[in-house]
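Enquirer: this is a predicted model, with the sequence first.
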Amino acid sequence: MNNSHLAAAAIATNQEGEILMVQEGKGQAKGTWTFPGGSFEDREQLRETAEREFLEETGYSIETGPVIGVYLEESVRTGNTVAVFLYEAQITERRHSGLNDGEILDAQFFSPHQIQDLNLGKENRRKMLEDYLEGRGFSQNRITDTR
């Protein structure tokens, strides 16, 4: 049976306009680069998921802005469908050095041009980057939580 779940990620830049990326440390995705993010947990808002995962993986606190887009993909680990809500975000402060449990190998800032040359785990990461750079997105008001 194929189940689906929600995830959230964020694109945030430093003062030079470089984007913070993380390098995966586990499973089939090991060594690939992606935007910080992860799985939705019960009773969270999706923006809270993006903020929590970003902090856990990078050590940086963020304030999420508009949703850039929603991207359907297949989980590398489970084969299930994942709906990834991608947020534009602002870094607010450095709180710690990021994950040290092997889930994330590295976190680095890259220019958009450099990201094109990275080993991205999923091809849709290029689409996400393109949507961000072109200013695409939709209003947070279109996401309604009726729980």
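Expert: Sure, I can see it.
Enquirer: which helix in this structure has the most residues?
Expert: Ordering each helix of the chain by length in residues (DSSP state H) puts helix 46-58 first.
Enquirer: what residues of the following helix or strand past it count as buried?
Expert: Note on helix 46-58: by DSSP states H and E, the next helix or strand toward the C-terminus is strand 60-74. For strand 60-74, a neighbour-count test (16 or more other Cβ atoms under 10 Å) marks 60-62, 64-65, 67-69, 71, 73 as buried. Where you see a C-beta, it was placed from the backbone N, CA and C, and this is true even at glycine.
Enquirer: following strand 60-74, which helix or strand shows up next?
Expert: Per DSSP H and E, the helix or strand that comes after strand 60-74 is strand 81-94.
Enquirer: that following strand pairs with which strands?
Expert: strand 4-13 (parallel), strand 60-74 (antiparallel) (DSSP bridges).
Enquirer: which of those sits closest to Glu24?
Expert: strand 4-13 (12.6 Å; Cβ to Cβ).
Enquirer: that closest one versus helix 46-58: what angle between them?
Expert: 60 degrees (axes from the mean of the first three to the mean of the last three Cα atoms, to 10 degrees).
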